[in-house]
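A.B. asks: Fold the following.
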Amino acid sequence: TGRYTLNSGEMKYSLPVIPLKTFNIQEGSYVEFAGDAMNPTLNITATERNTASVGEEGMQSRTVAFDCGVVITRTLNDMGLEFIIKALDDMSVTSELNAMTAEQRSRLAVTMLTTGMYLADGNTSGFSMNAALSNFLEKEINNITGNALKTVDLSVGLDNTTDASGTSHTDYSFKFAK
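C.D. replies: This is a model prediction of the structure:
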């Protein structure tokens, strides 16, 4: 029996839509042994710092710092996985996130980890793509948040371009196999 408490460290993590990322393990995370040494209880939070543009309709957008990552709980043989997102220094976005369900925040976290954008309702004015691709992205994000430990071979391509009129847009490409 015993508890191994982590003060710092890194965790490499990859999901079908999320490329391999290095998350920083938060101080106070732990692995606890109580019985079977091959099936410890996990309580690990690991995040990475992201910044994204946030704007409300009719207002100037601003850059907000976010911590996005994963929380791993339960035992090694029956892991619980939750995606998290927190706004560090912006009370308005923090209030918006607190008003959402855990599932909605999880979707936003996966979206930010995938695209680098904060795509909450009302903050998508600078984000345009056709309806079919939007539906596909939403379906894949829902699939990941609901079935985080199942594997799908999926690659995502991002291409930011500016046209002759000065309008910038992002093109996404997806390739997947199951």
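A.B. asks: So which residues of the protein form strands?
C.D. replies: For the chain, applying DSSP state E gives strands covering 2-6, 10-13, 21-25, 29-33, 41-54, 62-75, 78-87, 153-162, 168-177.
A.B. asks: So in that sheet, which strands flank the first one, and in what orientation?
C.D. replies: Here the strand partners of strand 2-6, with direction, are listed using DSSP bridges: strand 29-33 (antiparallel).
A.B. asks: relative to strand 62-75, how tilted is the strand it pairs with?
C.D. replies: Interaxial angle, strand 29-33 versus strand 62-75 (axes from the mean of the first three to the mean of the last three CA atoms, to 10 degrees): 0 degrees.
A.B. asks: For strand 29-33, buried residues please.
C.D. replies: 29, 31 (16 or more other CB atoms under 10 Å). Just so you know, the C-beta spots here come from the backbone N, C-alpha and C atoms, and that holds for glycine as well.
A.B. asks: could you dump the strands of the chain to TSV with distance to Y118 and mean pLDDT?
C.D. replies: Formatted as TSV, the strands of the chain follow (distance: least, CB to CB, whole Å; pLDDT from 0 to 100):
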stretch	distance to Y118	mean pLDDT
strand 2-6	28	92
strand 10-13	20	86
strand 21-25	17	89
strand 29-33	25	94
strand 41-54	4	91
strand 62-75	7	91
strand 78-87	8	91
strand 153-162	15	58
strand 168-177	14	59
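A.B. asks: between these, which one is nearest to A99?
C.D. replies: Proximity to A99, assessed across these by CB to CB, is greatest for strand 78-87 (12.3 Å).
A.B. asks: May I see the strands of the chain arranged in JSON lines, with distance to A99 as well?
C.D. replies: Listed next are those as JSON lines, based on distance: least, CB to CB, whole Å:
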{"stretch": "strand 2-6", "distance to A99": "31"}
{"stretch": "strand 10-13", "distance to A99": "28"}
{"stretch": "strand 21-25", "distance to A99": "26"}
{"stretch": "strand 29-33", "distance to A99": "27"}
{"stretch": "strand 41-54", "distance to A99": "15"}
{"stretch": "strand 62-75", "distance to A99": "16"}
{"stretch": "strand 78-87", "distance to A99": "12"}
{"stretch": "strand 153-162", "distance to A99": "29"}
{"stretch": "strand 168-177", "distance to A99": "27"}
